[in-house]
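Novice: what would the 3D arrangement of this be:
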Amino acid sequence: MRTIRAAFHVHSEWSYDAEIPLARIAELFRGRRCEAVFMCEHDRGFDAERFGAYVEACREASLPGGPLLVPGIEYASPDDRVHVPVWGPVPFLGEGAPTTELLRAVEAHGGSAVLAHPVRRDAWQAFEPEWLALSKGIEIWTRKWDGWAPNRRACRMAAEAGLVGVGALDLHMAHQLFPLSMELEIEDTPRGPLGAAPGYRRDGSGQGAISVEACTEALRQGRCRAMIGERPVAPLTRGGLGATATAVERVRRPVWRQGRRLRERKQARR
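Specialist: Numbering: from 1, shown residues only. Next up is the predicted model:
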């Protein structure tokens with residue numbers, strides 16, 4: 001086993017609402033010492049053929065010295081309320097698939113599903129017990145939606161369901177970079193069809209290959225934890241540190257919103 005750092009929930013120009021090329025994403029996260037990036041494109045506009053091309057594009061954009069781009073799809077429920085990022089040996093499952101059917105299919109294929117940003121549109125209120133049983137994790141801190149502090153409700157849900165608490169970026173633009181990541185324990189030796197394909201890289205350290213399969217298997221087996229910078233997120237999810245982080249976010253959010261309104265008005269006047 002070895003430990004690597006991975007960024008989670010990153011969108012590229014393959015998503016309808018993002019613009020960053022895959023090659024640029026690889027460069028950005030190489031500079032942040034991430035050895036893997038769990039990509040997460042919206043299902044809108046995808047089909048089986050486009051998904052195949054996307055997987056190949058991720059392979060081609062992965063850098064010899066890292067990071068490895070792990071292809072994934074963020075599926076939206078028919079009403080666009082619940083979003084589920086999926087990674088692993090799973091074919092494209094269709095745009096706007098009902099969440100229960102989606103999760104059952106992911107489980108059948110041996111993939112990993114994560115319940116995304118529970119705060120968005122109060123998605124957590126729609127979560128069903130079966131969804132928790134079929135998922136591998138919950139995003140307990142999504143930079144785009146939760147700001148500078150973990151979502152304490154999501155933390156409780158993940159703990160009660162025994163799921164991985166995922167630290168995610170939901171990054172669409174380069175300025176949304178934030179020192180939130182996941183630490184994964186992975187096997188060095190690739191195995192199976194994904195590991196045998198040219199979908200892995202060797203980092204030159206003598207520690208062996210990092211494969212798409214090894215990365216997704218670490219998530220599937222729960223061999224991972226959320227990190228903020230060089231420190232685990234866990235202490236910020238409870239107790240005094242958690243209360244302080246939440247208080248800081250409550251102060252920051254209205255200031256940020258006001259600043260955004262001012263920027264939008266300034267742009268509108270141009």
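
Novice: and the longest strand for the protein?
Specialist: strand 2-10 (DSSP state E).

Novice: contacts for it next, please.
Specialist: Strand 2-10 has contacts (Cβ atoms under 8 Å, 6 or more residues apart in numbering) with 25, 29, 32-40, 67, 70, 74, 85, 116, 139, 142, 166-171, 181-186, 188, 207-208, 210, 215, 224, 227. Where C-beta positions appear, they are placed from N, C-alpha and C, glycine not excepted.

Novice: what do you get for stretch 90-99?
Specialist: Around stretch 90-99, the neighbours that count as contacts under Cβ under 8 Å, 6+ apart are 43-48, 50-51, 73, 75-78, 82, 84, 86, 102, 105-106, 109-111, 128, 131.

Novice: rerun that using 7 Å as the cut-off
Specialist: 43-44, 46-48, 51, 73, 75-78, 82, 84, 102, 105-106, 109, 111, 131 (Cβ atoms under 7 Å, 6 or more residues apart in numbering).

Novice: if any of the residues you listed are buried, put those into a PyMOL selection.
Specialist: Burial among these is assessed by 16 or more other Cβ atoms under 10 Å; the matching PyMOL selection reads:
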select buried, resi 43+46+51+73+75+76+77+82+84+102+105+106+111+131
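
Novice: the contacts of stretch 90-99 in strands, which ones?
Specialist: Using DSSP E, the contacts of stretch 90-99 in strands are 73, 75, 76, 84.

Novice: show me the protein divided up by domain.
Specialist: 2-235, 238-270 (automatic domain parsing).

Novice: need those in TSV with mean pLDDT, can you?
Specialist: Formatted as TSV, the domains of the chain follow (pLDDT from 0 to 100):
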stretch	mean pLDDT
domain 2-235	92
domain 238-270	66
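
Novice: most tightly packed of those domains?
Specialist: Among the domains of the chain, domain 2-235 has the highest mean neighbour count (mean count of other Cβ atoms under 10 Å), at a mean of 19.

Novice: next, the distance between the ends of that one.
Specialist: 23 Å (Cα to Cα, to the nearest Å).

Novice: how about stretch 3-22?
Specialist: 24 Å.

Novice: starting at the chain centroid, how far to it?
Specialist: Distance, stretch centre to chain centre, for stretch 3-22: 8 Å (Cα atoms, centre = their mean, to the nearest Å).

Novice: swap in stretch 210-226?
Specialist: Averaging C-alpha positions (Cα atoms, centre = their mean) puts stretch 210-226 12 Å from its chain's average.
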